[in-house]
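Chemist: What shape does this take:
(one chain, ligands or ions: 2)
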Amino acid sequence: MKTIFKSLLAITVVSLVLSSCGNGGSKKGSQGALSSSAAEKVYVAPGEHDEFYAFVSGGFSGQLAVYGLPSGRLFKVIPVFSVDAEKAYGFNEETKPMLNTSHGFIPWDDSHHPDISQTNGEIDGRWVFINGNNTPRIAKIDLTTFETTEIIEIPNSAGNHSSSYVTENSEYVVAGTRFSVPFPQQDMPIDEYKGNFKGALSFISIDPEHGHMDIKFQIRMPGFDYDLSHPGRGDSHGWFFFTTYNTEEANSLLEVNASQNDKDFIAAINWKKIEEYVNNGGGKKMPANYAHNVYDEDTHTATSTMKKEVLVVDPSDVPGAIYFMPTPKSPHGCDVDPSGEYIVGSGKLAAELTIHSFSKMLKAIENKDFDGDAYGIPILSYEATLAGAVKQPGLGPLHTEFDGKGNAYTTFFISSEVVKWKLGTWEVIDRKPTYYSVGHLMIPGGNSRKPFGKYVLAMNKITKDRYLPTGPEVTQSAQLYDITGEKMELLLDFPTIGEPHYAAGCPADLLKPKSKKFFKLEDNKHEYAITSEADAKVVRDGNEVHIYMTMIRSHFAPDNIEGVQVGDKVYFHVTNLEQDYDVPHGVSMIGANTSELLIMPGQTETFVWEPKQVGVWPFYCTDFCSALHQEMQGYVRVSAK
Ligand code: CUK
Ligand code: CUA
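Modeler: Ligands and ions are numbered 1, 2, ... in the order given. Sure, this is the predicted structure:
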C-alpha cells in the first residue's frame, strides 16, 4: 500500500502478532469463536445454487473472479486485462485486439474495482465494469456470457485508481487518476510538477442498449492525486465525489512531503452541469491516442480502433461545477450512503471518520461559505459540510459499505477489523477482527440505493498462517460475515485469485435467467465460420493456409490434412457445431506458439501455427467431451518447400 503507512506499520506488526498468537486462535483452526451454525449458514448442498454472485477483482492477476456466496466456491476466472491460456484469451486471433493499447499489445494489468451497472440506483445485472490501473483502461464484462466485451484506454491518465464507478442510471462509468502527469504528456523536469502536472477525471458514457463506452469528456483538474470515487445517488445524483491526497502537489510522496497538509479534499463534481456545458458545444478537443476495443458477440471477433482526440474541460470553463470539501489526513475511501445524503471520507491517517452532508454542502455553496480556493476552485469551509464523525473507530480506515438498514461498515487496514456503526448517530455498534489487514469490503448492492444487507465480504491483503503454507508466496483471502443481526458473525474464509481489491455482488436470481447457454450456429457471423461438416476445407493463399474446421462429438473435419509446407502460416479456423449446453471442445497443435482454443458451442476461434519441421504432426481435442474424447484427433502432414 502507500508509503505513508510506514510509520504505522510498527503498530500493524504488533496487532498481527497479538491477533495471531494472543488468542491462540488461528493455530487451532479459526479463531475458535465460530458457532456450529456458521457451517450451516455457508453450506450449499451438492446441486444447490448459491444465493449471490460475487465478482472479485484479481488485483495484479488482471482478472475478475466469480464466486458464489455464501459458499465461497470459485466458478470462473473471467480474463479481462491479462492473457489466459485456459481460454486462449489474448492468444487466439479473435481476442488479441482486446489487449491493444496506444503502447502496443499489453497482456497484463492490475485490476481493482468492479462495479455493476445500475438502473434507478439499483444494480441491474447487465454489465460489470472494472479498471486496469497500470496502463489506464476500463473494461466491460457482459453478464449474459461472463466475457469481456469491451476495453477502452484512458488518455492523460496514469494509475487509473479511482475507477470504475457507475452513476445511478449507468449514464457514465467514471475514471480518475492516481498520478497527475503533464497534460498533454511532454518532456519536462519532474520538479516542475507543482502547477503543471494535472489530474484527468474521465466521464465515459455508456450507451444504454449495448453498453458501448465513449469518453464524453475529461476534466483537467489540479495536480492532486485522485484516489477513490463514488457517484451521488438519490438527491445527490448528478454529482461525483473523489478523494484526493497530495494536495501539496509534492513530486515525491515520502511522508514528509505528502502528509504535510492537515486536510486534503474530497472533490465534488457536478457532472450534470458539465455535461450540459459539453452538450452545448463547450470543451476543447485535444489530440490524444487511445485504443477502443470491442468484442462483437455475433462475429465472435474483437476489433481495435485507435482514437485520436478527446474533449477536455477545465474547471474554470464551468464556474460553480466543482468544489473541494476539506477532509482530514489523506482520505482514501469515498463512499456515499444509499440515500445519497452522506459522503464518508476515510482519512487513512486520521483518528476519526469524517462524514459530509450533501444537503449541507448545497447550503454552503448557496451561502458561499468558502475557505479560500485552490486554482480557482472554491474550498468549502470544513464545519459547513460536516455531518458528523465516528470517533476512535480503529486504525487506518479505508472503505465503507451500507446494509440499507441505517448501518455502515468500515474496514480498518491497520487494526485489521470491520467496524459497524450507525448513520446519523455515528456510534460504533460492533467490531470484528479480520485475518489480516483488510482492504475493501463488499455488501451485495452495498454501494447502491438498494443494498442486500445479508452478508459482508471482507477482502484481506495478508493471510500469514491462516492456510497451509505454500512457500514464500501465500494466498490473499476473503472473509464472509453474517450481518443480519445486531452483531456481525464470521462465517467463512476462502482464498482468492490474485489480490482481491474490491468486489461487486448481486442476487443470483438477477443473472441466472439471462445467462447464455450456447451460441446459435445460424447467428454465427464469424468471417471463417462454417455451419456444416460438408463445408470443411483447406484453402491455400500464397504462404497462408486457411483450414476451415469443424468439431462435434467426437471428431474434427477435416481430420487428416496434407499439403502444408515448412514456412507456411497455417490458420486453424475452428467452429464448434454443437448446439447444446456445456459441450465445449478444445484444440491446439504440437509446437504451436499459442495456447489451446476453448470453443463454446456455435462459436468459431482461430489459432495460427507456423510449422518449422517436416513430418506428420498430431493435434487433439483438449477438453473431455464424450466417451470418445480420446479419439478426437487428427494429423497434419508437413512437407519441405
Ligand atoms: S484500494 Cu486499490 S490499492 Cu483501497 Cu481500492 Cu488499496
Ligand atoms: Cu472434443 Cu474432447
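
Chemist: now Met98, what's its secondary structure?
Modeler: Of the three states, Met98 takes helix under DSSP: H, G, I helix; E, B strand; the rest coil.

Chemist: residues contacting it?
Modeler: With contacts defined as CB atoms under 8 Å, 6 or more residues apart in numbering, Met98 is in contact with Tyr89, Gly90, Thr148, Ile151, Asn293, Tyr295, Ala302, Ser304. (Each C-beta comes from the backbone N, C-alpha and C, glycine too.)

Chemist: Check Ser111 too.
Modeler: Taking CB under 8 Å, 6+ apart as the definition, contacts of Ser111 comprise 57-59, 61-64, 80-81, 130-133, 139, 501.

Chemist: Which one of the residues you listed is nearest to ligand 1?
Modeler: His501 (4.8 Å; CB to the nearest ligand atom).

Chemist: okay, now the closest one: neighbour count?
Modeler: Other residues near His501 come to 25 when the count uses other CB atoms under 10 Å.

Chemist: Now do the SS call for it.
Modeler: coil.

Chemist: Was I right to think it contacts Met459?
Modeler: Yes. Using CB atoms under 8 Å, His501 and Met459 qualify as a contacting pair, with a distance of 6.8 Å.

Chemist: Can you give me the buried ones in stretch 537-552?
Modeler: Buried positions in stretch 537-552, judged by neighbour count with 16 or more other CB atoms under 10 Å: Val538, Val545, His546, Ile547, Tyr548, Met549, Thr550, Met551, Ile552.

Chemist: Run the chain-centre distance for stretch 178-188.
Modeler: From the chain centre to the centre of stretch 178-188 is a distance of 24 Å (CA atoms, centre = their mean, to the nearest Å).

Chemist: Now do it, average pLDDT.
Modeler: In this model, stretch 178-188 has an average pLDDT of 96.

Chemist: what sits up against it?
Modeler: Contacts of stretch 178-188 from elsewhere in the structure, counted by CB under 8 Å, 6+ apart, are 133, 156-162, 193, 196-200, 220, 222-227, 249, 286-288.

Chemist: make it 7 Å
Modeler: When contacts are defined by CB atoms under 7 Å, 6 or more residues apart in numbering, stretch 178-188 is touched by residues 156, 158-159, 161, 196-200, 220, 223-227, 286.

Chemist: do the same with stretch 66-78
Modeler: Here stretch 66-78 makes contact (CB under 7 Å, 6+ apart) with 41-42, 44, 50-56, 63-65, 141, 146-148, 455, 457, 480, 491-492, 494, 497, 505.

Chemist: List the ones among those that fall in strands.
Modeler: With strands defined by DSSP state E, the entries of the contacts of stretch 66-78 inside them are 52-56, 64-65, 141, 147-148, 455, 457, 480, 491-492, 494, 505.

Chemist: Of the contacts of stretch 66-78, just the buried ones, PyMOL syntax please.
Modeler: Buried members of the contacts of stretch 66-78, defined by 16+ other CB under 10 Å, are picked up in PyMOL with:
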select buried, resi 41+42+50+51+52+53+54+55+56+63+64+65+141+146+147+148+455+457+480+491+492+494+497+505
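
Chemist: how about stretch 92-102: buried residues?
Modeler: In terms of neighbour count (16+ other CB under 10 Å), stretch 92-102 has its buried residues at Asn92, Glu93, Glu94, Thr95, Lys96, Pro97, Met98, Leu99, Asn100, Thr101.

Chemist: same deal with stretch 461-477?
Modeler: Burial within stretch 461-477, assessed by neighbour count using 16+ other CB under 10 Å, is assigned to Lys461, Ile462, Thr463, Lys464, Arg466, Val474, Thr475, Gln476, Ser477.

Chemist: my guess is the fourth one contacts Tyr436, does it?
Modeler: Yes. Checked against CB atoms under 7 Å, the pair Lys464 and Tyr436 is within contact range at 6.4 Å.

Chemist: Quick check: residues of this structure near ligand 1?
Modeler: Met1, His112, His113, His161, Leu228, His332, Leu398, His399, Gly439, His440, His501, Tyr502 (CB under 6 Å from any ligand atom).

Chemist: quick one: which of the contacts of stretch 178-188 is nearest to ligand 2?
Modeler: Distance from ligand 2 was checked for each of these by CB to the nearest ligand atom. The minimum falls on His161, at 42.6 Å.

Chemist: For that closest one, which residues are in contact?
Modeler: Under the criterion of CB under 7 Å, 6+ apart, the neighbours of His161 are His112, Asn133, Gly176, Arg178, Asp227.

Chemist: just Ser164 next, same as before
Modeler: Shown here is Ser164, whose contacts under the criterion CB under 7 Å, 6+ apart are His113, Asp115, Phe129, Ile130, Asn131, Ile138, Val173, Ala175.

Chemist: Please report how far it lies from ligand 1.
Modeler: With distances defined as CB to the nearest ligand atom, to the nearest Å, the gap from Ser164 to ligand 1 amounts to 11 Å.

Chemist: just Ser229 next, same as before
Modeler: In terms of CB to the nearest ligand atom, Ser229 sits 10 Å off from ligand 1.

Chemist: Over to Lys537?
Modeler: As defined by CB to the nearest ligand atom, Lys537 lies at a distance of 51 Å from ligand 1.

Chemist: so what's the closest residue to that residue other than its chain neighbours scoring on pLDDT?
Modeler: Spatially, and ignoring its direct neighbours in sequence, Lys537 is nearest to Tyr548 (5.0 Å; CB to CB, 6 or more residues apart in numbering). pLDDT, the model's per-residue confidence, is 98 for Tyr548.
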